[in-house]
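Chemist: Build me a model:
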Amino acid sequence: MNIQKTGITNSGPRFLAILLASSLLMACNKSGGGISIEDALRNQLVSLVAAANLTGDPSTGRTLPSITDPKAQLGKKLFFTKGLGGDSDSACVTCHHPVLGGGDNISLAIGVGAETPDLLGPGRFHSIGQVGGEYDGGPPVPRNSPTTFNVGLWDQVLFHDGRVESLGKTTGLNGDDGNGIRTPDSAFGVADPLSGSNLPTAQSRFPVTSPEEMRGFTNFVGVTNEVLRTGLVNKLSADWGAEFTAAFGDSTVTYARIAEAIGEYERSQVFVNSPWKAFVAGNKTAISDSAVRGAFLFFNSVNDGGANCASCHAGDFFTDEGFHVAAFPQIGRGKGDNNGVLGTDDFGRARETGNLADKYKFRTPSLLNVEVTGPWGHAGAFTTLKAAVKHMLDPETSVANYDFNQLAPSVQAADMTTNTQFAINQLIANRAAGVSNVLQKITLTDSQVDDLVAFLNSLTDPCVKDRNCLSPWIPNAGDTNPDGLRLNAIDITGNFL
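Modeler: Model prediction:
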C-alpha cells in the first residue's frame, strides 16, 4: 500500500512548506478572529485522516476475548507457569511480560538456563554452564522477542519471518481462516491441521519446542514436537484438572486446549486507546504540536516532504503485514545462516520461502505502543526509538556509525559489521531493481526526527505504562498456582514486576 492508496493526498511535492505558508496567511491573533498555525495544521491533519478512512482503532469490528473470560484466565496461569518449560526453568512470560511491553526489554531473549530464572529484563544473563555445551554466557535466542500486545489484530503472519501464516484469510475484521494456517510443523504453503482456529493459538504451540526458549537441553531431547507436547500434557495433568474444568467444562488436559487458552490470554491484550485514537475520534488537542508535525512526515511521501513511513506501516494497525529489507544490524548468535563467510547471519523470510529474493526481509511490525516495545529491530539492535527511526531514514549511515555501547556486554556482536553488510548490499540491489516500497535514504533535521518520534509516542495506550492498569493480565496472590511453578517475575533490583 502506498500513500496514494491510503487516500492521504496533498497538493504537491512541497506539501508541508505550502501548508505552512498558507497557515501563516490564515494565522493571526485570537482577537482578530483567525486561527493559529498549529490549529491550521491540526485541521489539515483531520482532513487527511478522514480522506484515508482511518478510525484510530484497528480492533473495531473484531470479536476478541476479555481477560475475565475463563479461557483467558486459564491462559494467564499457563502463560506464567514454568511447568510448560522442559526443564521447568522458563515460561511464556519469561520473554513476554506485560510490564516489559509484552516482551522482555532486552535485545535478545534469554529463555532457558538463566542464572536467575525469575529475573526478567535487563540483568537477566545466561549461565555459561548451561547444559548443551555451545553457550558462552551470551543470549541463546537469535531474535528479539516480539510484543504480545495486540497480537489478536494480526491477520496474515506471526513471528519476524512469518513462519505462522494464514493461508487465504481475508484481511481485517473477523475474516475466516481461509485455507488454514501454516506452521513450522507443516511444509511451506501447507496448512497444519493442528494449528487451531487463529494465529495466536497456532503460535503458542511453538515456544515450548525451541531448546533455547522453553524446551531446554535436559528433558525431551531428540523427540518430535508432538511427543514433546504430549510429555508436557502428562506433566500438567496431575495438577491442572480443576483449572481446565473451569475453562472447558471438564478436566481433560490436551495441548490443543493449552494452546487455545494461551491464545485467548494473548488475544485479550488489546491496547489501542492511544492519544492518536482520541485525535482521530475528534479530540484535536489529544496529541502535541510536535506529534502533529510528525504525523505529516509519517503519512506523506518523500516527494511531498515526508518520510514515506505509511507505505509499509499502513492503516490503523500501522503495518502492511508484509516483509521488507530494512538492514537492521545483525547482532547475536544468528540463525546459523551464512554467505560462505560466517554462520551467525539471519536470512529472515527467505528461510521460510526458499526464495533468494526474500533474503533479509523481515515482517513489518505494528507501531501501536512502539514506545514501550523496544529494543527495536529483529535482533533488538537499537535501544532507543530515535536511533531506530534514524536507521529507517538512512540504514547505510546508521550501520556505519552503530554504537556498540548500547548493547549489554554479553551480546555477541563481533560479526555484526560483516553480516549486516550483506543486508545492506541486498537493500542497494533492491533499490536498483526498483522493488516496491524499498527503503530510500531520507534526510531530515534532528528536530524533524524528534517530531516523528513524538508522533510514534502518540500511538501508546497509557495502560501499557501503568502497572495497576496491567494487573488483570498478571497473576496475583489470590490466584491459584496449580503446580507451584509460577514464575514470580522480579527486576534486577529484586522488586516484583
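Chemist: Please, where are all the strands along the stretch 301-450 of the chain?
Modeler: All strands of the stretch 301-450 of the chain, identified by DSSP state E, counting those that start in this stretch, fall at 323-325, 361-363.
Chemist: same deal with the stretch 51-200 of the chain?
Modeler: Assigned by DSSP E, counting those that start in this stretch, the stretch 51-200 of the chain shows strands spanning 157-158, 164-166, 181-182.
Chemist: Which one, of the strands of the stretch 301-450 of the chain, ends up nearest to residue 438?
Modeler: strand 323-325 (7.3 Å; C-beta to C-beta). C-beta coordinates here come from the backbone N, C-alpha and C atoms, glycine included.
Chemist: what sits against the nearest residue in space to residue 472 that is not next to it in sequence?
Modeler: Counting by C-beta to C-beta, 6 or more residues apart in numbering, residue 472 lies nearest to residue 67, which is 4.7 Å off, once chain neighbours are set aside. Going by C-beta atoms under 8 Å, 6 or more residues apart in numbering, residue 67 touches 73, 76, 265, 268, 269, 472, 473.
Chemist: out of these, which is most surrounded?
Modeler: Scoring the contacts of residue 67 on neighbours with other C-beta atoms under 10 Å, the highest-scoring entry is residue 265 at 27 neighbours.
Chemist: Can you verify my assumption that that residue contacts residue 70?
Modeler: No: here residue 265 does not reach residue 70: they are 11.0 Å apart, not a contact under C-beta atoms under 8 Å.
Chemist: what residue ranges in the stretch 151-300 of the chain are flagged as low confidence?
Modeler: For the stretch 151-300 of the chain, residues meeting the criterion pLDDT under 70 lie at 170-177.
Chemist: Could you rerun that using 80?
Modeler: 169-178 (pLDDT under 80).
Chemist: Please parse the protein into its domains.
Modeler: Here the domain parsing of the chain from automatic domain parsing is 3-57+274-457, 70-99+142-269.
Chemist: winner for burial among those?
Modeler: Across the domains of the chain, averaging neighbours per residue (mean count of other C-beta atoms under 10 Å) puts domain 70-99+142-269 on top, at a mean of 20.
Chemist: gap between stretch 410-430 and the chain center?
Modeler: Relative to its parent chain, stretch 410-430 has a centroid offset of 21 Å by C-alpha atoms, centre = their mean, to the nearest Å.
Chemist: Contacts for that stretch, please.
Modeler: So stretch 410-430 is contacted by 107-108, 125-126, 136-139, 325-334, 339, 341-342, 344-346, 359-360, 381, 395-396, 399, 402, 404, 407, 438-439 (C-beta under 8 Å, 6+ apart).
Chemist: Go again with 6 Å.
Modeler: 107, 137-138, 325, 327, 329-333, 339, 342, 344-345, 359-360, 396, 399, 404, 407, 438 (C-beta atoms under 6 Å, 6 or more residues apart in numbering).
Chemist: Over to stretch 262-271?
Modeler: Identification of contacts with stretch 262-271 by C-beta under 6 Å, 6+ apart yields 59, 64-67, 71-72, 75-76, 78-79, 148-149, 151-152, 200-201, 204, 369, 461, 463-464.
Chemist: Same question for stretch 236-255.
Modeler: 70, 71, 74, 83, 229, 233, 257, 482, 483.
Chemist: Residue 36: which of the residues you listed is nearest?
Modeler: residue 71 (50.9 Å).
Chemist: With distance to residue 90 and secondary structure added, can I get the contacts of residue 67 in CSV?
Modeler: Formatted as CSV, the contacts of residue 67 follow (distance: C-beta to C-beta, whole Å; DSSP: H, G, I helix; E, B strand; the rest coil):
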residue, distance to residue 90, secondary structure
73, 22, helix
76, 17, helix
265, 17, helix
268, 22, coil
269, 20, coil
472, 23, helix
473, 19, helix
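Chemist: any chance of these in CSV, with distance to residue 312 too?
Modeler: Listed next are these as CSV, based on distance: C-beta to C-beta, whole Å:
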residue, distance to residue 312
73, 36
76, 33
265, 29
268, 28
269, 24
472, 33
473, 29
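Chemist: now for those residues, which pair is the farthest apart?
Modeler: Taking C-beta to C-beta, the two most distant members of those are 73 and 269; they sit 13.4 Å apart.
Chemist: mind checking the longest helix of the protein?
Modeler: helix 416-433 (DSSP state H).
Chemist: so how far is that one from its chain's centroid?
Modeler: The chain centre lies 23 Å from the centre of helix 416-433; the measure is C-alpha atoms, centre = their mean.
Chemist: repeat for stretch 461-474
Modeler: From the chain centre to the centre of stretch 461-474 is a distance of 18 Å (C-alpha atoms, centre = their mean).
Chemist: just stretch 85-98 next, same as before
Modeler: Chain-centre distance of stretch 85-98: 18 Å, with C-alpha atoms, centre = their mean.
Chemist: In helices, which of the contacts of stretch 262-271 appear?
Modeler: 71, 72, 75, 76, 78, 79, 200, 201.
Chemist: Any regions of the stretch 1-150 of the chain where pLDDT drops low?
Modeler: Low-confidence segments of the stretch 1-150 of the chain (pLDDT under 80): 1-35, 128-137.
Chemist: repeat that with 50
Modeler: Across the stretch 1-150 of the chain, the ranges flagged by pLDDT under 50 are 1-31, 133.
Chemist: all helices for it, in order.
Modeler: Under the criterion DSSP state H, counting those that start in this stretch, the stretch 1-150 of the chain contains helices at 3-6, 15-26, 37-51, 70-80.
Chemist: picking up where we left off before, now the two most distant members of the ones in helices among the contacts of stretch 262-271.
Modeler: Taking C-beta to C-beta, no two of the ones in helices among the contacts of stretch 262-271 sit farther apart than 76 and 201, at 15.0 Å.
Chemist: ok, back up a step: name the nearest of the contacts of stretch 236-255 relative to residue 315.
Modeler: Nearest to residue 315 among the contacts of stretch 236-255, with distances taken as C-beta to C-beta, is residue 71, at 28.6 Å.
Chemist: correct me, but that closest one touches residue 261?
Modeler: Yes: counting by C-beta atoms under 6 Å, residue 261 is a contact partner of residue 71 at 5.0 Å.
Chemist: Let me see the contact set for the residue lying closest to residue 263 once chain neighbours are set aside.
Modeler: Of all residues beyond its chain neighbours, the one nearest residue 263 is residue 201 (3.3 Å), with distances taken as C-beta to C-beta, 6+ apart. Applying C-beta under 6 Å, 6+ apart to residue 201 gives the contacts 259, 260, 263.
Chemist: Right, I'll call it a day here.
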